[in-house]
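In: what follows is a protein structure lacking sequence information:
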């Protein structure tokens, strides 16, 4: 803590695009310390995703602000960062994102996801939330998730009956799939092979009468299979 009573929030900026890093830097510099409970953002590292783990080890930031286009590029970064001894809080700022990609980021350890077009309006409260151990999502993302959960199943009536027709293992696969996990992660969680996971997904999609895993995940959320 400094003599003025203002502490430092050590921040790393990660984005493969130099212009995007500059934009994120500008947003952080524009924040007033009194709005962050007397914590002034201090940028201690900037770089590309491929260098993120090395930057974290060298500079030990409290927070990583990661720029992204569609939320997908940050998944590998999260996997690498969460293996480190000192794990920073991760806030993703993305240009666009799907409901599924949002769930995947949160499942992998992201503390928050903001849309770039409105991030400047929400960055203050989002930083306060994630640095205190809470989650932060742009209101537009929350609205999309709520609409997705409250919308009727695309597959029509009888979704609960179809879910009831799944085997115990298929229900386990469906629950993990609805969390946005890829096949390899599902296989590791259930101690089975990725090929077996593919077989289970093919079988449960057939029983649920859906065309793909996203539609299966939607039924899982709407019928309570998802955790």
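Out: Looks like it came in fine. Quick caveat, the model's predicted, so the values are computed rather than measured.
In: how about low-confidence regions in the protein?
Out: Scanning the chain for pLDDT under 70 picks out 1-7, 32-39, 147-157, 226-227.
In: outline the domain layout of it.
Out: Split into domains by automatic domain parsing, the chain comes to 7-147, 153-223.
In: can you put those domains in a markdown table and add mean neighbour count?
Out: Any C-beta I mention is one placed from the backbone N, CA and C, and that applies to glycine too. Output for these, formatted as a markdown table (neighbours: other CB atoms under 10 Å):
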| stretch | mean neighbour count |
| --- | --- |
| domain 7-147 | 18 |
| domain 153-223 | 17 |
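In: where do the strands sit along the chain?
Out: 7-14, 39-47, 63-68, 89-94, 112-115, 136-137 (DSSP state E).
In: if I look at the residue nearest the centre of the chain, how far off is residue 99?
Out: The centroid of the chain falls nearest to residue 105 when counting by CA atoms, centre = their mean (1.9 Å). Separation of residue 105 from residue 99 (CB to CB, to the nearest Å) stands at 11 Å.
In: so what sits against both of these two?
Out: Taking CB atoms under 8 Å, 6 or more residues apart in numbering as the criterion, residue 105 and residue 99 do not both touch any residue.
In: would you agree residue 82 is in contact with residue 108?
Out: Yes: when contacts are counted by CB atoms under 8 Å, residue 82 is listed as touching residue 108 (7.3 Å).
In: pull the contacting residues for residue 193.
Out: Residue 193 touches residue 187, counting by CB under 8 Å, 6+ apart.
In: tell me what the longest helix seen in the chain is packed against?
Out: Ordering each helix of the chain by length in residues (DSSP state H) puts helix 194-208 first. Where contact means 3 or more CB pairs under 8 Å, 6 or more residues apart in numbering; DSSP states H and E, helix 194-208 is packed against helix 159-164, helix 168-178, helix 183-190, helix 213-223.
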